[in-house]
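1. Turn this into a model:
(one chain, ligands or ions: 2)
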Amino acid sequence: MSEKGIHTDFKDNMTYGEYLQLDKVLSSQERLSGHHDEMLFIVIHQVSELWMKLILHELNTAIDAIEKDELPEAFKMLARVSRVQTQIIQAWDVLATLTPAEYMEFRDSLGRSSGFQSYQNRLIEFALGYKQPHILKIYEKDPELASSLTAAYNAPGIYDVAIRALSRAGFAINPDLLTRDFSVTYQGDPTVADAWLEVYRNTDKYWDLYQLAEKLVDIEDSHQQWRFRHMKTVERIIGFKTGTGGSSGVNYLKSVLDHQFFPELWDVRTKL
Ligand code: HEM
Ligand SMILES: N[C@@H](CC(=O)c1ccccc1NC=O)C(=O)O
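-> Ligands and ions are numbered 1, 2, ... in the order given. Here you go, the predicted structure:
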C-alpha cells in the first residue's frame with residue numbers, strides 16, 4: 001500500500017510551501033472580471049476539483065482491491081470517499097452566498113466554459129458506471145484527455161467489479177455480465193438482484209458483501225445529493241437561463257438526477 005521509497009529526492013531543508021507547491025496552487029486564482037465575488041467562484045471550483053482528485057484516487061484503488069477480493073481494504077477507501085463527498089456537498093452552502101446579481105456581474109467573462117467540461121467529474125461518473133457516448137465528444141479537441149477518458153470509459157466500473165465479486169463468492173451470476181462491454185451503462189439483471197437479495201437476507205454469512213453493498217449505497221446516495229444541491233444552487237443563482245455549456249440549464253441538471261448507478265441495491269430494499 002505504501003508508496004514510500006519511490007521518490008529519492010527528499011530535501012532536508014524543504015519548506016511547507018515547497019512541499020505543497022503552494023506557489024502553483026495559490027497563484028492560480030485569477031479573477032478575469034476583476035469582480036470581488038469571482039474569487040469565491042474560482043476557489044469553490046478548485047476546492048471541488050481537488051476533492052474530486054482524492055475521490056478518484058480512492059475509488060480507482062478500491063476497484064482494484066475489490067477485483068483482488070481485498071474487501072476490508074476497499075471499505076477503508078470507500079468510507080473516505082463518503083467523507084469527502086460530505087465536504088463537497090457542504091461546499092454548496094458557501095456558493096449559495098453568491099446572489100444572482102453578483103454572479104451576473106462576471107458570468108460573461110466565463111465565455112462558453114462550463115462544469116460540463118469537468119474531466120474529473122466524468123472520470124468519477126465512469127467509475128460509478130455511468131457511460132454516455134456524447135460525453136467523449138466534449139474532449140475531442142484534446143487528444144491526451146480524450147485517450148485517458150476513453151480508457152476509463154471502457155474499463156469496468158465499481159459496480160461491475162462488485163458483480164464479479166458476487167460471482168466469485170458462488171452466486172449464479174449471468175455469465176454475460178462478467179465479460180460484457182463495460183463501455184455500456186449497466187442496465188440491471190435478475191441474477192444480480194437475486195444475489196443481493198440473498199446477501200441482505202443472510203448478512204451474517206455474507207458480511208463482507210453486505211458491507212460492500214452498503215458502502216456503494218452510501219456513495220450513490222451522496223453523489224445524488226451532490227447533483228441535487230448543484231441543480232438547486234444553480235436554480236437560485238441563474239433560474240432557468242440556458243447554461244454557458246449550451247445545455248438547457250436547470251432542466252438538464254434535473255434530468256441527470258434520474259439515473260440510478262446501482263439499481264439492484266435500491267430495488268432490494270422493497271423486497272426485504
Ligand atoms: C454559480 C455557480 C454554478 C452555476 C450557475 C452552474 C451551472 C451549471 C449548468 C447550467 C450546467 C449544465 C451545463 C451547461 O449548459 O453549462 C452545469 C454543469 C455542471 N457543473 Fe455547474 N454550475 C455552478 C457551479 C458549479 C460548481 C461549484 C461545480 C463543481 C465543480 C460545478 C460542476 C458542474 C459539473 C460537473 C457539471 C456537469 C454536470 C453533468 O453533465 O451531469 N458547477 N453547471
Ligand atoms: N454553466 C454555468 C457556468 C459555470 O458554472 C462554470 C463556468 C466555468 C467554469 C465552471 C463553471 N461551473 C459549473 O458549471 C452557467 O451557465 O452560468
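2. near ligand 1, anything from the helix or strand containing residue 40?
-> In the assignment (DSSP states H and E), residue 40 maps to helix 38-67. Yes. Applying C-beta under 6 Å from any ligand atom, one finds helix 38-67 touching ligand 1 at 44-45, 48. Bear in mind the C-beta positions are built from the backbone N, C-alpha and C, glycine included.
3. State the distance from residue 223 to residue 121.
-> 10 Å (C-beta to C-beta, to the nearest Å).
4. How about residues contacting stretch 47-58?
-> 77-78, 80-81, 84-85, 87-88, 91, 118, 120-121, 123-124, 127 (C-beta atoms under 8 Å, 6 or more residues apart in numbering).
5. From start to finish, how long is stretch 14-23 in a straight line?
-> Distance between the two ends of stretch 14-23: 14 Å, counting by C-alpha to C-alpha, to the nearest Å.
6. Helix or strand, whichever it is, which one in this structure has the lowest mean pLDDT?
-> Within the chain, no helix or strand scores below helix 133-137, which has a mean of 89 by mean pLDDT, DSSP states H and E.
7. give me the number of residues near residue 74?
-> Look at residue 74: counted by other C-beta atoms under 10 Å, it has 28 neighbours.
8. Do you know the pLDDT at it?
-> Predicted confidence (pLDDT) for residue 74: 98.
9. what does the one 5 residues further on give?
-> Here the pLDDT value assigned to residue 79 is 98.
10. is it true that it touches residue 215?
-> Yes. With contact defined as C-beta atoms under 8 Å, residue 79 counts as touching residue 215 (6.9 Å).
11. Which of those two has more residues huddled nearby?
-> Neighbours were counted for residue 79 and for residue 215 using other C-beta under 10 Å; residue 215 has more, 22 against 14.
12. wait, what's in contact with the more buried one?
-> With C-beta under 8 Å, 6+ apart, residue 215 has these contacts: 74-75, 78-79, 82.
13. Where does it sit: helix, strand or coil?
-> Assigned by DSSP: H, G, I helix; E, B strand; the rest coil, the conformation of residue 215 is helix.
14. Right, I'll leave it there.
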